[in-house]
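A.B. asks: The sequence and its predicted three-dimensional model are supplied below.
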Amino acid sequence: GAVVSQHPSRVICKSGTSVKIECRSLDFQATTMFWYRQFPKKSLMLMATSNEGSKATYEQGVEKDKFLINHASLTLSTLTVTSAHPEDSSFYICSARAPGLQLGSYNEQFFGPGTRLTVL
Amino acid sequence: AQSVTQLDSQVPVFEEAPVELRCNYSSSVSVYLFWYVQYPNQGLQLLLKYLSGSTLVKGINGFEAEFNKSQTSFHLRKPSVHISDTAEYFCAVSEPGPNAGNNRKLIWGLGTSLAVNP
């Protein structure tokens, strides 16, 4: 099946530092990747949609200068949380769309295992 | 605008009992429907999906769901749960059609926490 990995799985950093999270599609090429944020006991909040080779599309209310997304290849997207603060502590999940695994106009999303960010 | 409502935030159940997790959606067009499971500190795994065809959809781990268009519901069921089914369950909806292409988003419910007790 289609596998998506995230690295690191957990990261603890000091306030004011920047943290990079990687999302990789291991056995397929993903033209589109999505970044989500999940608060405790809450649903997933879509942060941005990332297409390979173009700028990410951010959801309303998400600061694009704070959450930098780079999708430089068909198998890798990165999310950088710049100048992290304690309120940025959260579970970040990426997903990747596999255009080859398609039924009609539907392309399934495959999810990474998530990254737990704790900002002290 | 589309929305997804999971009517129960928490569902406690005893092992080997049946369970139903409820999901209702609102949309002015036909939709694709999904149930995902999230085990503690893990990402999401697709349980099952409805795209078209038979309204009764069977998924992994013995789960099934029934699409009811008139009631705009997609409730998840399992006839006999195990301790290992303890997890967070999310219902999601997506609009079909060519316009959104690969950028088509999933709209998520708030999740239902299933706790299976011995």
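C.D. replies: Ah, there it is.

A.B. asks: And the strands in chain B?
C.D. replies: For chain B, the strands defined by DSSP state E cover B:3-6, B:10-14, B:19-21, B:23-26, B:32-38, B:44-50, B:56-58, B:64-68, B:73-78, B:87-94, B:107-108, B:112-117.

A.B. asks: low-scoring stretches of the chain, by residue?
C.D. replies: Chain wasn't specified; assuming chain A. Counting by pLDDT under 70, chain A shows low-confidence ranges at A:1, A:99-107.

A.B. asks: Chain B was what I was after
C.D. replies: Scanning chain B for pLDDT under 70 picks out B:1, B:96-103.

A.B. asks: Show me the residue at the heart of it, geometrically.
C.D. replies: By CA atoms, centre = their mean, the mean C-alpha position of chain B lies nearest to B:Trp35, the distance being 2.9 Å.

A.B. asks: Please determine how far the residue lying closest to it once chain neighbours are set aside is located from chain A.
C.D. replies: Leaving aside its chain neighbours, B:Trp35 sits nearest to B:Leu47 (4.3 Å; criterion: CB to CB, 6 or more residues apart in numbering or on different chains). Heads up, the C-betas are built off the backbone N, CA and C, glycines and all. As judged by CB to the nearest CB, to the nearest Å, B:Leu47 and chain A stand 12 Å apart.

A.B. asks: Report the contact partners of B:Leu47.
C.D. replies: Residues counted as contacts of B:Leu47 (CB atoms under 8 Å, 6 or more residues apart in numbering or on different chains) are B:Phe34, B:Trp35, B:Tyr36, B:Val37, B:Gly59, B:Ile60, B:Asn61, B:Phe63, B:Leu76, B:Tyr89.

A.B. asks: residues touching the second one, list them.
C.D. replies: This points to B:Trp35. Neighbouring residues of B:Trp35 by CB under 8 Å, 6+ apart: B:21, B:23, B:46-49, B:59, B:63, B:65, B:74, B:76, B:89-92.
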